[in-house]
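Engineer: mind looking at a prediction? Sequence and model below.
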Amino acid sequence: MGFPGTWMTESESVVYRVVPKCACSSIGQILYYSDHGRFFDGDIHDSTEGLHKWAQEHSQPLIEANARAHKSYAFTCVRNPYTRILSSFFDKICGIQRNGKRYRGKLVPMLVQKYGIEVGDPETGFEFDQIASFRRFLLFARDTIRWRKPMEPDIHWSAMSGHISTFIANGGHYDHIFFTEKFDEGMQVVLDHIETPVKVDLKQVPRFNESEGHGPKRAQPVEAYFDDLSMHLVREIYKRDFELFKYDFDNPGNKMPLAEVDLDEVHAKLGN
């Protein structure tokens with residue numbers, strides 16, 4: 001299986017396990033800058049040079065050798081499961097993607113037909129009942145994760161612990177896991193532990209939110225989208241994420257973690 005979703009700087013200063021919807025565009029750009037002194041022109045997910053990625057065949061032996069021997073500092077980043085699934089809905093289901101089309105072609109029409117989801121239209125300012133549609137999407141996300149129907153779960157809403165576990169299961173070890181909600185603080189810890197060809201000043205780094213502006217804005221506070229049934233579904237899908245990454249299940253309105261991540265616990269529980 002190797003190390004899917006793993007990126008590494010060309011200088012091998014640091015190894016990063018990507019978790020979708022957890023500041024991965026910003027992190028990728030910072031890693032790119034730390035080697036080259038400039039940001040990648042475009043979405044960092046589209047880069048095919050300047051950064052080693054498991055998806056690039058020539059990078060695989062280098063990433064594998066580094067991760068297995070724990071030659072470099074390795075890290076990842078997590079996010080509150082409530083805000084992450086909401087963000088996936090607004091970006092991937094309601095939003096128009098970089099190529100000007102809907103995400104995954106036939107996915108949205110199928111959701112409209114089978115789950116009664118509305119996604120709005122850019123021509124009419126994306127007006128639709130966001131709360132009702134999101135809750136129906138949550139049913140769909142649960143179906144994909146629980147029964148792999150009507151399709152396999154998508155990386156943007158499958159559990160963070162699933163992404164993070166593949167790195168450990170194949171012989172990798174994390175030195176740090178930080179929170180999207182405390183991004184500068186967490187990323188600074190990484191930078192303080194590594195030697196990069198180019199020094200990075202986080203205060204000067206722009207925010208790379210590649211999903212922004214392509215879809216509707218969230219019209220309500222986070223907690224408005226989650227009633228008792230929605231919270232039950234979220235617990236069913238993300239129970240392990242809440243426990244391992246210390247987020248507050250009982251209060252969807254509290255996006256901040258309740259404690260720091262216990263790395264020993266993560267390696268023990270995700271390593272088998």
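Structural biologist: Looks like it came in fine. Source: prediction; values computed, not measured.

Engineer: for the stretch 151-272 of the chain, which segments count as helices?
Structural biologist: 160-169, 183-193, 228-245, 263-270 (DSSP state H, counting those that start in this stretch).

Engineer: rebuild those as JSON lines, extending it with distance to Pro4 and mean pLDDT.
Structural biologist: Just so you know, the C-beta spots here come from the backbone N, C-alpha and C atoms, and that holds for glycine as well. JSON lines is the format used below for the helices of the stretch 151-272 of the chain (distance: least, Cβ to Cβ, whole Å; pLDDT from 0 to 100):
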{"stretch": "helix 160-169", "distance to Pro4": "6", "mean pLDDT": "98"}
{"stretch": "helix 183-193", "distance to Pro4": "21", "mean pLDDT": "98"}
{"stretch": "helix 228-245", "distance to Pro4": "18", "mean pLDDT": "97"}
{"stretch": "helix 263-270", "distance to Pro4": "15", "mean pLDDT": "98"}
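
Engineer: can you tell me which of the ones you listed is most buried?
Structural biologist: Burial of those is given as mean neighbour count (mean count of other Cβ atoms under 10 Å); helix 160-169 ranks first at a mean of 20.

Engineer: which helices and strands does that one pack with?
Structural biologist: When contacts are defined as 3 or more Cβ pairs under 8 Å, 6 or more residues apart in numbering; DSSP states H and E, helix 160-169 packs onto strand 14-17, strand 73-78, helix 228-245, helix 263-270.

Engineer: tell me the contacts of the residue nearest to Gln188 when sequence neighbours are not counted?
Structural biologist: With Cβ to Cβ, 6 or more residues apart in numbering as the criterion, Gln188 has its nearest non-adjacent residue at 6.0 Å, and that residue is Leu202. Leu202 makes contact with Ile30, Asp184, Met187, Gln188, Leu191 under the criterion Cβ atoms under 8 Å, 6 or more residues apart in numbering.

Engineer: so how far is Val200 from the third one?
Structural biologist: For Met187, the distance to Val200 (Cβ to Cβ, to the nearest Å) stands at 9 Å.

Engineer: please apply the same query to the first one.
Structural biologist: Using Cβ to Cβ, we find Ile30 at a distance of 6 Å from Val200.

Engineer: for these two, indicate the residue with more neighbours.
Structural biologist: Legend: neighbour count by other Cβ atoms under 10 Å for Ile30 and Val200, higher for Ile30 (23 against 18).

Engineer: name the SS class of the more buried one, please.
Structural biologist: helix (DSSP: H, G, I helix; E, B strand; the rest coil).

Engineer: that one contacts Arg207, doesn't it?
Structural biologist: No. At 11.0 Å, Ile30 does not count as touching Arg207 under the criterion of Cβ atoms under 8 Å.

Engineer: now the residue at the greatest distance from the centre of the chain: phi and psi?
Structural biologist: Centroid-distance maximum for the chain: Thr124 at 29.3 Å, with Cα atoms, centre = their mean. Main-chain dihedrals, Thr124, degrees, to the nearest 10: phi -110, psi 20.

Engineer: now the one 10 residues further on
Structural biologist: When quoted as degrees, to the nearest 10, the phi and psi of Phe134 stand at phi -60, psi -40.

Engineer: swap in the one 10 residues further on?
Structural biologist: Recorded main-chain torsions at Thr144 are phi -70, psi -40, according to degrees, to the nearest 10.

Engineer: number of residues surrounding it?
Structural biologist: 18.

Engineer: find the nearest non-adjacent residue to it, please.
Structural biologist: Using Cβ to Cβ, 6+ apart, the nearest residue to Thr144 is Pro153, at 4.2 Å.

Engineer: now the one you found: how far from Leu107?
Structural biologist: Pro153 is 12 Å from Leu107, by Cβ to Cβ.

Engineer: one more: Tyr115?
Structural biologist: Applying Cβ to Cβ, the value for Tyr115 to Leu107 is 11 Å.

Engineer: now swap in Glu265 and tell me
Structural biologist: Distance from Glu265 to Leu107, by Cβ to Cβ: 35 Å.

Engineer: thanks again, I'm all set now.
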